[in-house]
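Enquirer: Test case, fold it:
(chains A and B)
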Amino acid sequence: MTFMKMAASAAVLAWASAAQAQETLSMWYHGAGNEVELKLINEVISDFNASQSDWKVELQSFPQAAYNDSVVAGALAGNLPDILDVDGPNMPNWAWAGYMQPLPIDESKIASFLPGTKGIWDGKLYSIGLWDAAVALVTRQSTLDELGLRKPTVEQPWTRDEFMAALDAAKAAGKWEYPLDLGMAWTGEWYPYAFSPFLQSFGGDIVDRSTYKTAEGALNGDAALAFGEWWQGLFQNGYAQATQDPADRDGGFAAGKYAFSWNGNWAALGALAAFEDTVFLPPPDFGAGPKIGGASWQFGVSATSKHPEGAAAFIEFALQDKYLAAFSNGIGLIPATPTASEMVDNYKSGGPLAVFGEYSSKMALVRPVTPGYVVQAKVFEKALADIANGADVAATLDAAADEINADIEKNGGYGH
Amino acid sequence: MASKFTVSNRTGWLMAGPAILLIAGFVILPFFLAIGLSFTNQRLVSPNPTEFVGLSNYRQLLGVATVTLEPLRDDAGAVVMKDGEPEYPSIRSLTRNNPDRPDLAGMREWFSFSLGGEAKTFVLARDVVFMKAVVNTFIFVIVVAPVQAGLALGLALLINQRLRGINVFRAIYFMPVVVSIVVVSLLWRLIYDGQSGLLNNLLDAISFGLIPPVNWLGDPSTALGAIIAMSIWQAVGFQMVIWLSGLQTISPTLYEAAAIEGASKWQVFRYVTWPGLRNTAVLILIVITMQAFGLFAQIDVMTNGGPLDSTQTIVFQAVERGYGKQDISGGSAISVILFVIVLSISLIQRFLTREKS
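Expert: Coordinates of the predicted model:
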């Protein structure tokens, strides 16, 4: 360990003498391996470095799959960068654990940002995103016409009965292998991101958000049981498959295997390329309003940073509309502000993906804002997979609620 | 007492030094840390101080209770039937918000059995997933150890011959061992694919379409079997090489003597080869058992413990809890339990296979 420290301090000395007046800010980013994304972030960094002479940002990127582990390991070794990026729902965990500090950015600068892009924990802003992501019910106009279905709108989404009638009609038509593609092949964060909004639309939740101290009643109350029975029915009645080939998730809708696909804006251009008449419908309303998940990757300042004002200056610099638009053009995500959206052909009003921005601003609900979310997401994922595979709904949800409660207790309430 | 070995053999210590340091740092130290942490509430990520919690992690993992329930009866006293089976009071009503049995709070049904009569005994566990992981791991070991050792011996006998090109066969059988287990698992996930996998296509072709496609990894009744089969195939080459080295230590003069005596092939194997392989057999049995208890990569890549916990294993649960759910103390407790299990089994094996004088 001391050897590592000596090597680290030698490295520190080396750059300190080279940089002199300018302070160097280190930055970690999760996009290694994605050339377009790296090019965009490097452009922001070189623009920032050229725009002033106080700070110089240096980027180190990690592959997404190893990013969270790297941050945890870096924090345990006392070796975090000044600026780091964080997946929205993970932020409270890192803030609570003391990896991050509040982000000193003026509220008015981000007033027009989509709600899902703001990482707020304990009443303070910790992270801010340049983009958000959204999910929609993807289908074709010709499918709706053929099955004689009303096209749902933001004002009037499908009710549960209308949604199930649509699935029934698709099943009866016999044209598709399955009426609905939920993306069961995408294990991991997809489950809580994409499926917990269904539970919330039924009136339940992963955890009771009024206190964040218990999941009892939220995850296993009447609304959650109704959700669980509905969820299990999707698989038992042949509307969707519980285990899915990853290739079918990626290409199944385009190959005509599914009538409807529950998928994100990042896959939207591919769907449009496959079928010109692809439409992106709002989520059904199961009683407590239509809901989709919100929050994607965001930027924040590490707790150990010696120059939080420099880190904040960089993040503020990156929040310019032109960068928001550039990221959206490059990797297809929803720009965080309406003005930036107008600069992107796909998302400007009337653009093919503009509806995603509308869903994101009107229906997005961030995942539970608690340090315990990291554990709760895993518990929720397992419960949904088990129920899909035929486990008893009430017993599974009870066990999930118990496990979440035990974890909250073990962590002294996670600071709520 | 300063023996010659510890004092004057500086070069020896110098040479062993790097390995000893690495083993001490990455094996021995974590081993004692795991034992220590399993008695605390240590988290992977937390600002809270670590506290000593005694045996609570072990109680949480190993807690088991039984309840015997009488079937529900209607007003006339007849047993209520549901789907042709007598219906019993729901376990949920016993284990949740039940002031009469606070000891059952949070427990779940593991399995149930009936010892004749109408009453049914339900075994409840505090951590059903862990219990299933223990059972699955034992099933895995009990099947893999003898089958893999047997197949490996068969292969070793086959390739222990002076034939042209025998090295080609040796290389083929050994190849899966050299390939990373993660890569092998990814490939087998494609082979086992429920719709268009190689295995399903093969079965379809040889049965002329009579065998319908099976969702090997998606069906709780086949998932563990599928993983057992591919695990046996993957490591059989390694055990084969150990058997082979054992076979080649048997003196050829014994075989010559057997041939002169006119022994049949079976007699040669039974009275020359097998006794000569005794020590190798002990080694292989212990190696396979220890490796099999460590089953993790295949699960992590292929099933994540599902469907319905049918492929949960002890090591997968330790990693899932320690890192996935950030509960280092829980993961440590599982590791300690695994250590005790493997140690006891190895001791039993040593005792059973000891040299009887």
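Enquirer: Quick check: closest non-adjacent residue to residue 269.
Expert: In the absence of a named chain, chain A is used. A:Gly332 (6.1 Å; Cβ to Cβ, 6 or more residues apart in numbering or on different chains). To be clear about C-beta, it is placed using only N, CA and C from the backbone, and glycine gets the same treatment.
Enquirer: nope, chain B please
Expert: Leaving aside its sequence neighbours, B:Phe269 sits nearest to B:Leu157 (Cβ to Cβ, 6+ apart; 7.9 Å).
Enquirer: Which residues are in contact with that neighbour?
Expert: B:Trp243, B:Leu247, B:Phe269, B:Thr273 (Cβ atoms under 8 Å, 6 or more residues apart in numbering or on different chains).
Enquirer: How much space separates B:Leu285 from B:Ala152?
Expert: 11 Å (Cβ to Cβ, to the nearest Å).
Enquirer: Please identify which of the two sits among more neighbours.
Expert: Between B:Leu285 and B:Ala152, counting by other Cβ atoms under 10 Å in any protein chain shown, B:Ala152 is the more crowded of the two (24 against 18).
Enquirer: What sits closest to that one if chain neighbours are left out?
Expert: B:Gln239 (3.5 Å).
Enquirer: got it, and A:Pro102?
Expert: Among residues not flanking A:Pro102 along the chain, A:Lys124 sits closest, at 4.2 Å (Cβ to Cβ, 6+ apart).
Enquirer: Look at the one you found and report its pLDDT.
Expert: For A:Lys124, the pLDDT comes out at 92.
Enquirer: quick one, what contacts the residue of chain A found nearest chain B?
Expert: Nearest residue of chain A to chain B, counting by Cβ to the nearest Cβ: A:Thr243, 3.4 Å away. By Cβ under 8 Å, 6+ apart, the residues touching A:Thr243 are A:Met184, A:Ala185, B:Gly194, B:Asn215, B:Leu217, B:Gly218, B:Pro307.
Enquirer: Identify the residue of the stretch 151-300 of chain B closest to chain A, quick one.
Expert: B:Gly218 (3.4 Å).
Enquirer: Wasn't that residue part of a strand?
Expert: No - read with DSSP: H, G, I helix; E, B strand; the rest coil, B:Gly218 is coil and lies in no strand.
Enquirer: Which residue comes closest to it once chain neighbours are left out?
Expert: In this structure, B:Gly218 finds its nearest non-sequential neighbour in A:Thr243, 3.4 Å apart by Cβ to Cβ, 6+ apart.
Enquirer: Need the phi and psi values for the one you found.
Expert: For A:Thr243, the backbone dihedrals (degrees, to the nearest 10) come out as phi -120, psi 130.
Enquirer: any idea how far it lies from A:Leu167?
Expert: For A:Thr243, the distance to A:Leu167 - Cβ to Cβ - is 19 Å.
Enquirer: Could you look up the SS state of the residue of chain B most remote from its centre?
Expert: Residue distances from the centre of chain B (Cα atoms, centre = their mean) peak at B:Ala76, which lies 50.6 Å from the mean C-alpha position. Using three-state DSSP, the secondary structure recorded for B:Ala76 is coil.
Enquirer: how's the chain carved up into domains?
Expert: Looking at chain A here, since you left the chain open. A:25-133+A:296-366, A:135-292+A:372-415 (automatic domain parsing).
Enquirer: my bad, the chain I had in mind was chain B
Expert: Using automatic domain parsing, chain B is parsed into the domains B:64-125, B:129-352.
Enquirer: Quick check: residues of chain B near chain A?
Expert: B:41, B:43-48, B:60, B:91-92, B:96, B:106, B:108-109, B:128, B:193-196, B:215, B:217-218, B:220, B:304, B:306-309, B:320, B:323-327 (Cβ under 8 Å from any Cβ of the partner chain).
Enquirer: rerun that using 6 Å as the cut-off
Expert: Within reach of chain A by Cβ under 6 Å from any Cβ of the partner chain, chain B has these residues: B:41, B:45, B:47-48, B:106, B:108, B:193, B:195, B:218, B:306-308, B:324-325.
Enquirer: between the residues you listed, which is nearest A:Thr214?
Expert: B:Gly106 (13.2 Å; Cβ to Cβ).
Enquirer: so which helix or strand takes in the closest residue to the closest one other than its chain neighbours?
Expert: Spatially, and ignoring its direct neighbours in sequence, B:Gly106 is nearest to A:Asp402 (4.9 Å; Cβ to Cβ, 6+ apart). Assigned by DSSP states H and E, A:Asp402 belongs to helix A:393-410.
Enquirer: helices or strands up against that helix?
Expert: helix A:222-236, helix A:373-388 (3 or more Cβ pairs under 6 Å, 6 or more residues apart in numbering or on different chains; DSSP states H and E).
Enquirer: name the helices or strands packed onto the last one?
Expert: Which is helix A:373-388. Using 3+ Cβ pairs under 6 Å, 6+ apart, helix A:373-388 sits against helix A:222-236, helix A:393-410.
Enquirer: run the last query once more with 10 Å
Expert: helix A:91-96, helix A:196-202, helix A:222-236, helix A:393-410 (3 or more Cβ pairs under 10 Å, 6 or more residues apart in numbering or on different chains; DSSP states H and E).
Enquirer: Past the first one, which element shows up next along the chain?
Expert: Along the chain past helix A:91-96, the next helix or strand (assigned with DSSP H and E) turns out to be strand A:100-101.
Enquirer: Pull up the pairing partners for that following strand, direction included.
Expert: strand A:297-302 (antiparallel) (DSSP bridges).
Enquirer: could you point out where the chain is predicted with low confidence?
Expert: Because you didn't say which chain, this covers chain A. Along chain A, the model assigns pLDDT under 70 to residues A:1-21.
Enquirer: ah, no, chain B please
Expert: Residues of chain B that meet the cut-off, pLDDT under 70, sit at B:1-8, B:357.
Enquirer: Which helix in it has the most residues?
Expert: If you go by DSSP state H, chain B has its longest helix at helix B:128-159.
Enquirer: Quick one: distance of it to the chain centre.
Expert: 7 Å (Cα atoms, centre = their mean, to the nearest Å).
Enquirer: Relative to A:Asp245, how far out is the residue nearest to B:Ala152?
Expert: Distance from B:Gln239 to A:Asp245, by Cβ to Cβ: 33 Å.
Enquirer: Would you mind telling me which of those two has the busier surroundings?
Expert: B:Gln239 (26 against 21).
Enquirer: Was I right to think the more buried one contacts B:Ile286?
Expert: No - because the distance of 11.6 Å does not satisfy Cβ atoms under 10 Å, B:Gln239 is recorded as not touching B:Ile286.
Enquirer: can you tell me how far B:Gly331 sits from B:Ser46?
Expert: From B:Gly331 to B:Ser46 the distance is 14 Å (Cβ to Cβ).
Enquirer: cool, and A:Gln298?
Expert: A:Gln298 is 22 Å from B:Ser46, where distance means Cβ to Cβ.
Enquirer: repeat for A:Gln241
Expert: Taking Cβ to Cβ, one finds A:Gln241 at 39 Å from B:Ser46.
Enquirer: List the buried residues in stretch A:68-77.
Expert: Using 16 or more other Cβ atoms under 10 Å in any protein chain shown as the test for burial, stretch A:68-77 gives A:Asn68, A:Ser70, A:Val71, A:Val72, A:Gly74, A:Ala75.
Enquirer: Nice, that's everything, thank you.
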